[in-house]
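> Using only what follows, build the 3D model:
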Amino acid sequence: MSSSPEFDALNSVKYLYLRELSEPRDNSLRLVVQEAIDNRSALPSARSEIPELTDILKDAWPIESVEGCKTFELSWKRYAAYLVTEELIGSGGSYDDEVYTGRLLRVYTKSHFLDYLARIQEDT
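The predicted model follows:
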């Protein structure tokens with residue numbers, strides 16, 4: 001558990017969609033993310049339209065935001081750097097040496113990105 005109930009609430013949802021990423025002022029950052037669920041009340045349209053996919057999609061459901069899903073807004077007055085990745089980006093390589101808290105929103109104390117930032121800072 002973290003020290004922030006908001007951080008824990010965000011990390012308790014199953015899926016998140018990034019809805020907005022903006023810089024409202026110079027060097028400030030605003031993120032809006034929305035909870036998504038596996039929507040079992042919706043039927044994938046490909047089930048009836050593509051017979052070859054019927055067996056593959058029999059237990060598939062769309063992941064989407066529906067009424068009642070939570071929206072989270074995060075903002076920082078200042079930032080030095082940030083990194084947003086799509087879930088498949090981190091699928092290669094080893095990241096076992098990284099240290100973080102959180103599941104969907106991670107706060108790193110040791111990472112390859114932080115090491116990279118330290119190296120470019122040394123070069124300037």
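
> so after the lowest-mean-pLDDT helix or strand in the chain, what's the next helix or strand?
Between all helices and strands in the chain, the lowest mean by mean pLDDT, DSSP states H and E belongs to helix 46-49, at a mean of 56. The first helix or strand that comes after helix 46-49 along the chain, using DSSP states H and E, is helix 54-57.

> Name the residues of that next one that are buried.
By neighbour count on 16 or more other C-beta atoms under 10 Å, the buried set for helix 54-57 is residue 57. Just so you know, the C-beta spots here come from the backbone N, C-alpha and C atoms, and that holds for glycine as well.

> packing partners for the helix or strand immediately after it in the chain?
The first helix or strand that comes after helix 54-57 along the chain, using DSSP H and E, is strand 63-64. Applying 3 or more C-beta pairs under 8 Å, 6 or more residues apart in numbering; DSSP states H and E, we find strand 63-64 packed against strand 29-38.

> I would like the residues contacting the strand it packs on, please.
When contacts are defined by C-beta atoms under 8 Å, 6 or more residues apart in numbering, strand 29-38 is touched by residues 10, 13-24, 61-66, 69-76, 79, 82, 105.

> Those residues in strands, which ones?
Among these, the members found in strands (DSSP state E) are 15-22, 63-64, 71-76.

> Are any of those buried, and if so which?
Looks like the ones in strands among the contacts of strand 29-38 have 15, 16, 72 buried, using 16+ other C-beta under 10 Å.

> How far away from the center of its chain is the helix ranked longest in the chain?
For the chain, the helix that runs over the most residues, judged by DSSP state H, is helix 112-123. On the basis of C-alpha atoms, centre = their mean, to the nearest Å, helix 112-123 sits 23 Å off its chain's mean C-alpha point.
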